[in-house]
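>>> I would like to see how this sequence folds:
(one chain, ligands or ions: 1)
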Amino acid sequence: MMSDPTAYRLYYWPTLQGRGEFVRLVLEDAGMPYVDVGRTEGGMAELQRWLAGGGEGRPTPLAPPFLVREGIVLSQVANILHYLGPRLGLVGPGPAAEHQALQLQLTIVDLVAEVHETHHPLSAALYYEDQKEAAIARTNLFLEHRLPKFLRHFEQAVVVSPAGVLTTDPALDHSYVDLSLFQIVVGLQHAFPAAMGALLQELPKLSAIRERVCERPRVAAYLASSRRLPFNHHGIFRAYPELDLLPTWAAPPSVSG
Ligand SMILES: N[C@@H](CCC(=O)N[C@@H](CS)C(=O)NCC(=O)O)C(=O)O
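Reported below is the predicted structural model:
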């Protein structure tokens, strides 16, 4: 069967959710046809050709994910979603709404980089096993200080839309940022269940977004399908028991006397 020549072509590593998942969720939620090229026959060779500069004279992305369709090749997750948002009805109309969403998405990118550094604090060029000690120290500090700061920031960015829905985009009820926040929360719950169990108790709006998003019919169908890869030790959100630490702010009060 010929694939749709107008479909978006998403280039990402075929065995992990990683940063590509933020783009997959948007395309899936919108019901937009796309090809997950890395998961097709010959797709990895095609991906590597792009990275080697074989993009028919078009700009060479530094790293996946990148999205190709007709005249465009876009990399950087926040940039890709900023492009797709208005085209797929996943951001409110006008520059103010678009830039407000982009600002939140860029902050999500910052958080994702810090999560990656919990298991790769020295370098992405080294195996986790070769930087485990530093990873434990880094994760401790991340959970103690950075995780609550980011998630409290996102919690205050969630508003009630006129239709009574919790969202980061009051003009719309539902935005691409909401989809990314869903992924952030489920990913962090997977990687850091102890800290997240405690922190989510004070983040009811983020918890509600997580529930609302995974009940959206196309998202629910995607999550139940084989297109949704499981979390594993290759992606951003990794469950290492030695990194599932309990920060001091989450520790139960000590019983004295
Ligand atoms: N800031 C970029 C980061 C892209 C990135 O780091 N991609 C990873 C996979 S999640 C990669 O393949 N990196 C290879 C490299 O940096 O050499 C984004 O948000 O898209």
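
>>> so which residues of the stretch 51-200 of the chain form helices?
77-87, 95-119, 132-141, 147-157, 176-191, 193-199 (DSSP state H, counting those that start in this stretch).

>>> Pro253 is nearest to which of the ones you listed?
Pro253 lies closest, by Cβ to Cβ, to one member of these: helix 193-199, at 12.5 Å. In short, each C-beta sits where N, CA and C put it, glycine included.

>>> following the closest one, which helix or strand comes up?
Next helix or strand after helix 193-199 toward the C-terminus (DSSP states H and E): helix 204-215.

>>> any idea how far that following helix is from the chain center?
Computed by Cα atoms, centre = their mean, to the nearest Å, the chain-centroid distance of helix 204-215 equals 15 Å.

>>> can you tell me which residues in the stretch 101-250 of the chain are near the ligand?
Counting by Cβ under 6 Å from any ligand atom, the stretch 101-250 of the chain comes close to the ligand at Val109.

>>> how about low-confidence regions in the stretch 1-150 of the chain?
1-3, 55-56 (pLDDT under 70).

>>> on that earlier part again, hey, which of the helices of the stretch 51-200 of the chain is tucked in deepest?
helix 176-191 (a mean of 23; mean count of other Cβ atoms under 10 Å).

>>> just checking, what packs against that one?
With contacts defined as 3 or more Cβ pairs under 8 Å, 6 or more residues apart in numbering; DSSP states H and E, helix 176-191 has these neighbours: helix 20-30, helix 77-87, helix 95-119, helix 147-157, helix 193-199, helix 204-215.

>>> now the angle from it to helix 132-141?
On the basis of axes from the mean of the first three to the mean of the last three Cα atoms, to 10 degrees, helix 176-191 is oriented at 120 degrees to helix 132-141.

>>> between helix 176-191 and helix 20-30, how many degrees?
Computed with the same axes, to 10 degrees, the direction of helix 176-191 lies at 130 degrees from that of helix 20-30.

>>> dump helix 176-191 to CSV, keeping only the CA atoms.
Extracted as CSV, the C-alpha positions of helix 176-191 are listed here (Å, rounded to 0.1, in the frame of the first residue of the first chain):
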residue,chain,number,x,y,z
TYR,A,176,-0.6,20.9,23.0
VAL,A,177,0.9,22.0,26.3
ASP,A,178,-1.8,20.0,28.1
LEU,A,179,-0.7,16.9,26.1
SER,A,180,2.9,17.5,27.1
LEU,A,181,2.0,18.0,30.7
PHE,A,182,0.2,14.7,30.6
GLN,A,183,3.4,13.0,29.3
ILE,A,184,5.5,14.8,32.0
VAL,A,185,3.3,13.7,34.8
VAL,A,186,3.0,10.0,33.7
GLY,A,187,6.7,10.0,32.9
LEU,A,188,7.7,11.4,36.3
GLN,A,189,5.3,9.0,38.1
HIS,A,190,7.1,6.2,36.3
ALA,A,191,10.6,7.4,37.1
